[in-house]
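> missing the sequence, but the structure's below:
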């Protein structure tokens, strides 16, 4: 039942109760005439009807069923095309247009509008929610040219590699370079056929810094963007390394994890109940709560027995788990790992793993490193040497798993899937340590760093921040407390506007801001208002296209809107006053006779 019907029912009930009261009063009141009763009975529903019309005035036809909304890039002469025109702030000054601060305000000013036509580059994120309540028509302009997508790197630890990705459009023959704050080229390359690119760099000392992404079209600068990077010292993630037997794979994994910044605890079985590595630990819930990731091979997995349930329970509680095959799997282990969500389809035998051919720059570094090393001539390797690395010919990918790593032939060699609050990954490479021995340490580092980054237990209380934001545009911050504040670049504080489980913030200036939430401080960078114009245009264009209605209604039909309520309110006030006076007057009553003495 709608509120309108509920109010109508309550008023009708009130009229009925008042009528019964008047009839009973008339029967018991001496000298009351029938005409008086009839007049009072008619005034009661009249007052109730006027009150209802005051609350819900009848609709009137409004001819403004369609609006044209000018956004950034709209023609300054759009008013000549006819129809109501509203200019949003991004459109600037448009001749003959009504200015509005946002789309929601424009729709409140024109309640009869049920269809809007978007002119220009499209609606910004501020207006997307308001546009979902009306029919949207949009004839988009040509796609923007230049840098249309940029993904800055997440926060990194000192010495850790980071990746910058993006996409450019309509720039054939373009080249991309990533330049560090000192002006040195960190990485360079060319985009693929779809314009996508990925560049890498290495984080240095802790702090905030701005790298520069430079896009050249021939000898001309086509686009340039600031790439923010936050480098911070973090608590060393704790890694538990479980192996069923010693070997070179375990040796180099432990060495790599230590160099990569992990606090490694190892437990290696040599048979007969003898364990190598660190002090013995028990695999239970309390112990596993102190680790961020566990790396275990198939032999150690088979030997866990009843402790396997405690390990899987810890994964569901947030622990990361990496399963590593040391050779062909037995039927029980294969069934158990398949039960965790991995397909494991294929032959259960060792097969060659295709490796990419080293790039010229990597070959030069390898040649230089080998020449400088004190290595006998008969043990020197050629610069383009590709080691023999094998894999288990079982595909880890499946309907429930996400492919994480592929070899040079495109065959999946690692995949992960969620398990409660944690993640489980499966790696089918058998002897990846050969990469570290033959000058391919970078690929070895990429593989294992990607595996651990995919599953490691996330840091508690980390706020969710957008990758790219602009000055003057609303910013949504999620995963923060109710007393969180933002420190502007000039040191002034700014309160946040709570929006459900998140908070809104409007940065006025560009630069590094700091989010203070409880005891954590998270820096984030705000781009200048005029930065990355092609990326912003592409974002608005794509978002508006997703709103575009497939079958817009006929906007020429007038749309009914609520009419004015004041005439009914005035009539109700007059009728109520008349009823109040009439009930207390002597009209319609017999005058009492005066006795004479």
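Sure, I can see it. Quick caveat, the model's predicted, so the values are computed rather than measured.
> just how off-centre is the helix ranked longest in the chain within its chain?
As assigned by DSSP state H, the longest helix anywhere in the chain is helix 3-28. Computed by C-alpha atoms, centre = their mean, to the nearest Å, the chain-centroid distance of helix 3-28 equals 55 Å.
> Stretch 403-413 too?
Here the centre of stretch 403-413 is set off from its chain's centre by 27 Å, with C-alpha atoms, centre = their mean.
> who does the helix or strand containing residue 48 touch, helix- and strand-wise?
Using DSSP states H and E, residue 48 maps to helix 34-55. Judged by 3 or more C-beta pairs under 8 Å, 6 or more residues apart in numbering; DSSP states H and E, the packing partners of helix 34-55 are helix 3-28, helix 566-584. The way it works is simple: take the backbone N, C-alpha and C, and place the C-beta from them, glycine included.
> tilt between the shortest one and helix 3-28?
Same thing as helix 566-584. Counting by axes from the mean of the first three to the mean of the last three C-alpha atoms, to 10 degrees, helix 566-584 lies at 20 degrees to helix 3-28.
> and the angle for helix 566-584 with helix 34-55?
When the same axes, to 10 degrees is applied, the directions of helix 566-584 and helix 34-55 differ by 150 degrees.
> can you tell me the average pLDDT over helix 566-584?
What helix 566-584 shows for mean pLDDT is 88.
> Counting neighbours, which bits of that helix end up buried?
For helix 566-584, burial by neighbour count (16 or more other C-beta atoms under 10 Å) applies to 568, 569, 571, 572, 575, 579.
> Also stretch 141-153?
Residues of stretch 141-153 classed as buried by neighbour count (16+ other C-beta under 10 Å): 144, 145, 146, 147, 148, 149, 150, 152, 153.
> circling back: in the helix holding residue 48, what counts as buried?
Across helix 34-55, burial judged by 16+ other C-beta under 10 Å covers 36-37, 40-41, 43-54.
> what about residue 524, helix or strand, and which?
strand 520-526.
> Same question for residue 229.
Using DSSP H and E, residue 229 sits in strand 220-231.
> Would you check how far apart the spatially closest residue to residue 484 that is not a sequence neighbour and residue 482 are?
Setting aside the residues directly before and after it, residue 484 is nearest to residue 517 in space (C-beta to C-beta, 6 or more residues apart in numbering), at 4.1 Å. Using C-beta to C-beta, to the nearest Å, residue 517 is found at 10 Å from residue 482.
> repeat for residue 427
Counting by C-beta to C-beta, the gap from residue 427 to residue 482 is 42 Å.
> cool, and residue 287?
Separation of residue 287 from residue 482 (C-beta to C-beta) stands at 35 Å.
> more neighbours, the two?
Remark: of residue 287 and residue 482, residue 287 carries more neighbours, 15 against 8, as counted by other C-beta atoms under 10 Å.
> residue contacts, the residue nearest to that one when sequence neighbours are not counted?
Spatial nearest neighbour of residue 287, chain neighbours left out: residue 281 (5.5 Å); criterion: C-beta to C-beta, 6+ apart. Residues near residue 281 by C-beta atoms under 8 Å, 6 or more residues apart in numbering: 240, 265, 267, 287.
> Tell me the confidence at residue 366?
Per-residue pLDDT puts residue 366 at 38.
> what's the closest of the buried residues of stretch 141-153 to residue 410?
residue 149 (24.0 Å; C-beta to C-beta).
> residues touching that closest one, list them.
Here residue 149 is in contact with 165, 166, 167, 535, 538 (criterion: C-beta under 8 Å, 6+ apart).
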